[in-house]
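1. Please find the sequence and the predicted model below.
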Amino acid sequence: MFPEQRRFVESRAWKRALICSRRAGKSQAAALSLLRTAVAHPGSVSRYLGLTRMTAKDIMWDTLKEWVEQIKIPGVRFGEADLSVRFQNGSQFRIFGMDATTKEAKKALGGKFKAVHIDEAASFRIDLKGLVKTFIEPATMDPCPCGCGESGAIFLEGTPDPDEARGFFFEVTTGKEPGWETHSWSTAQNPHMRASYLAKLAEIEAKDPHYLESDEGRCMYLGQWPVNATGVVYRFDRARNLVDSAPRITSRVISIDIGWNDASAIVEAGWADGDKDLYLLHAEKSPEMLLDELAARARQVEAHRPGVHTRWVVDGANKTAVMELRRRYGLPLEASEKQEKNHWIRMMNTDLVRGRVRVQIGRAHV
């Protein structure tokens, strides 16, 4: 283990959290911690919980086998059917996926445990706080059966999720949930990955210098939660995202948002063959527009660029209005995808930060 891993594994805190960038050695630390607990505390029972049974097995199973062989722990038995690992001294642990139901959680966490590791904690969709406080905390309070006098330990481990900068893991690793000892390191601290990691960062800096400022870059490569110092939803910057004019547009999307008291809006965005950027070409809004007025105005926007390949997109919440715009006014509207809104906002922000979304001065109102 390198020093940062060792401090995490050998800590004696009841509740420990680990937040790292990708390929930093987080899962290796979890595997070593599980093996250390089993060997050092005869008769102990532990758990490793992942998002799903398949991902938990993919992350941990072969890693455990490699370490058992390398460390030469005798008499370890791997149960493929129930994903159990059993030791000569009576210790054991099992791997579970938490993608099912509360009933499955109860089954996995019935009993008392020396250690419970929750991996990929940033991406859990179940009530992670309830899982920890209702099932895991009571199950780790008993003294260890080996007679060492210690109780159990709880581990939350993960990489920040750019779509989930909220929730229990976020609260724990940002200090908003008290009682947790938080550990953190990046891939640069992992001696087995340092050279390739630094080479990758240099490549990113040369080809896409603003990527590490984006939410994705911060989470995956730096192991840091997204930061939005402005408090606004979209990370638009005049110096980075404004342009005097767009190139000759070859394809575009005209988007319509239907409102009444909240204004109806029309946005035209397009791109050119061989150009990686998206150009915001025109944006307008007006309250209390009738559908015939909205359709006529949309056709006027379309006429700005005759002959350009065009797709039409609409917020499909008002189905009656959408069908009337389609049938009566001949607008070939496609309903927009409304699920996973945070995901789409994050994607837009990534491209705004990277300078991949350009706003044409004088056409779109900013």
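-> Happy to help now that I have it.
2. going forward, measure contacts between C-alpha atoms and count neighbours the same way
-> Will do.
3. Now do the helices in the stretch 201-350 of the chain.
-> 215-217, 238-241, 291-302, 319-327, 341-353 (DSSP state H, counting those that start in this stretch).
4. Tell me how far the first one lies from the chain's centre.
-> In terms of C-alpha atoms, centre = their mean, to the nearest Å, the centre of helix 215-217 is found 9 Å from the chain centre.
5. avg pLDDT for that helix?
-> Over the span of helix 215-217, the pLDDT mean works out to 82.
6. what's the spacing between residue 224 and residue 317?
-> 36 Å (C-alpha to C-alpha, to the nearest Å).
7. These two: who's more crowded?
-> Ranked by neighbour count (other C-alpha atoms under 10 Å), residue 224 and residue 317 place residue 224 first, with 23 against 13.
8. per-residue pLDDT, the more buried one?
-> Turning to residue 224, the model gives it a pLDDT of 86.
9. I figured it hits residue 22, correct?
-> No. Counting by C-alpha atoms under 8 Å, residue 224 stays clear of residue 22, with 10.8 Å between them.
10. quick one on the thing from earlier: would you mind giving the helices of the stretch 201-350 of the chain as TSV with distance to residue 255 and mean neighbour count added?
-> What follows is the helices of the stretch 201-350 of the chain, written out as TSV (distance: least, C-alpha to C-alpha, whole Å; neighbours: other C-alpha atoms under 10 Å):
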stretch	distance to residue 255	mean neighbour count
helix 215-217	26	22
helix 238-241	20	14
helix 291-302	9	16
helix 319-327	12	15
helix 341-353	15	17
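11. and of those helices, who's closest to residue 166?
-> Closest to residue 166 of these, according to C-alpha to C-alpha: helix 341-353, at 11.3 Å.
12. mind checking how far the closest one is from the chain centre?
-> 12 Å.
13. what's the answer for stretch 347-366, then?
-> So, by C-alpha atoms, centre = their mean, the centroid of stretch 347-366 is 23 Å from its chain's centroid.
14. again, but for stretch 288-295
-> 40 Å.
15. tell me the mean pLDDT over it?
-> 91.
16. What lies in contact with that stretch?
-> Applying C-alpha atoms under 8 Å, 6 or more residues apart in numbering, the external contacts of stretch 288-295 come out as 259-261, 263-264, 321, 325, 329, 331.
17. So how do I select the buried members of those residues in ChimeraX?
-> Burial among the contacts of stretch 288-295 is assessed by 16 or more other C-alpha atoms under 10 Å; the matching ChimeraX selection reads:
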select :259,264,325,331
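18. residues touching residue 95, list them.
-> Contacts of residue 95 by C-alpha under 8 Å, 6+ apart are 47-50, 53, 56-57, 82-84.
19. 10 Å instead, please
-> Contact partners of residue 95, counting by C-alpha atoms under 10 Å, 6 or more residues apart in numbering, are 46-50, 52-54, 56-57, 60-61, 82-85, 108, 117.
20. cool, residue 137 as well?
-> Taking C-alpha under 10 Å, 6+ apart as the test, what residue 137 contacts is 14-15, 112-113, 116, 131, 152-154.
21. Kindly recompute the last result at 8 Å.
-> residue 154.
22. how far is the host helix or strand of it from where the chain is centred?
-> Per DSSP states H and E, residue 137 falls inside helix 137-139. Remark: helix 137-139 is offset 28 Å from the chain centroid, using C-alpha atoms, centre = their mean.
23. Same check on stretch 302-311?
-> Its chain's C-alpha centre and that of stretch 302-311 lie 37 Å apart, by C-alpha atoms, centre = their mean.
24. Put the alpha carbons of it into PDB.
-> The C-alpha trace of stretch 302-311 is given here as PDB (Å, rounded to 0.1, in the frame of the first residue of the first chain):
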ATOM      1  CA  GLU A 302     -36.700  29.000 -40.300                       C
ATOM      2  CA  ALA A 303     -36.600  31.300 -43.300                       C
ATOM      3  CA  HIS A 304     -33.400  33.000 -41.900                       C
ATOM      4  CA  ARG A 305     -31.400  30.100 -43.500                       C
ATOM      5  CA  PRO A 306     -33.200  28.500 -46.400                       C
ATOM      6  CA  GLY A 307     -32.100  25.100 -47.500                       C
ATOM      7  CA  VAL A 308     -30.300  24.200 -44.200                       C
ATOM      8  CA  HIS A 309     -31.200  20.700 -42.900                       C
ATOM      9  CA  THR A 310     -33.500  21.400 -39.900                       C
ATOM     10  CA  ARG A 311     -34.900  19.300 -37.100                       C
END
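25. Give me the contacts around it.
-> Outside stretch 302-311, the residues touching it (C-alpha under 8 Å, 6+ apart) are 249-254, 332-333.
26. I appreciate the help and will end here.
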